[in-house]
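**Q** Whatever this is, show me its structure:
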Amino acid sequence: MKKFLVIMLAMLWMSVAAFSQITISQEDYDKLPNETRTQIEKITTEKAIKGEIKEVSEYANLGKEIGVAVNETLKAVEDSAIRIAESNLGQTAITIVVWKLLYKEIAGIVVGTILLGISVFMLLTGRGKLSKNDEDAGGWISVVGGAVFFISSMICIFG
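**A** Down below sits the predicted model:
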């Protein structure tokens, strides 16, 4: 029982000593020697600096944690994107997106290539007809039609 009381008193005394603060008035502070005031100001300044350093350190750690979280998130997104792109469903989705974005250009190239083939065919057959008979209207129609198809094919491909 005596040991318990001694331990309790010791704990009480330590807690009082640990949480005690001394506050003095400005008049009493002014009465202190210059050396003592310098030491008090030095200790106060050190505590303030340590507090600021601790706060800045906490912000730096927070920034580091945010950076790590963002990096891990981007790695997870990258891994998911790669996994999806390699699947059949992902490749189908990519094809649909590319088609939605580029269908006009793709259709223009396909139609333009077909028209270019028609124009070359018409120009060659029309030229052959013109060389045999200059008065044949079919030759001129074929040449003019070939030129029109050629212009149309260039508009489709490049327009």
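
**Q** what's the longest helix seen in the chain packed up against?
**A** The residue-count maximum for a helix in the chain (DSSP state H) belongs to helix 34-86. Contacts defined by 3 or more Cβ pairs under 8 Å, 6 or more residues apart in numbering; DSSP states H and E place helix 34-86 against helix 88-132. For the C-beta atoms, the positions are set from N, CA and C on the backbone; glycine is no exception.

**Q** between the helix it packs on and helix 34-86, what angle do the directions make?
**A** Computed with axes from the mean of the first three to the mean of the last three Cα atoms, to 10 degrees, the direction of helix 88-132 lies at 60 degrees from that of helix 34-86.

**Q** So what angle separates the directions of whatever helix or strand comes next after helix 88-132 and helix 88-132?
**A** Under the assignment DSSP states H and E, the closest C-terminal helix or strand after helix 88-132 is helix 137-158. With the same axes, to 10 degrees as the basis, helix 137-158 and helix 88-132 are set at 150 degrees to each other.

**Q** for the chain, which spans come out with low pLDDT?
**A** 12-24, 28-29, 127-138 (pLDDT under 70).

**Q** spatially speaking, which residue is in the middle of it?
**A** residue 74 (8.4 Å; Cα atoms, centre = their mean).

**Q** From residue 93, how far out is it?
**A** Using Cβ to Cβ, to the nearest Å, residue 74 is found at 21 Å from residue 93.

**Q** ok, now residue 110?
**A** 23 Å.

**Q** try residue 34
**A** Distance of residue 34 to residue 93, given as Cβ to Cβ: 79 Å.

**Q** Over to residue 71?
**A** Shown here: residue 71 relative to residue 93, a distance of 26 Å by Cβ to Cβ.

**Q** quick one, which of the two is more surrounded?
**A** Regarding residue 71 and residue 93, a neighbour count based on other Cβ atoms under 10 Å identifies residue 93 as having more, with 13 against 10.

**Q** how many neighbours does the closest residue to that one other than its chain neighbours have?
**A** Nearest residue to residue 93 in three dimensions, chain neighbours excluded: residue 84, at 7.7 Å (Cβ to Cβ, 6 or more residues apart in numbering). As a burial measure, residue 84 scores 13 neighbours (other Cβ under 10 Å).

**Q** again, but for residue 7
**A** Neighbour count of residue 7, defined by other Cβ under 10 Å: 10.
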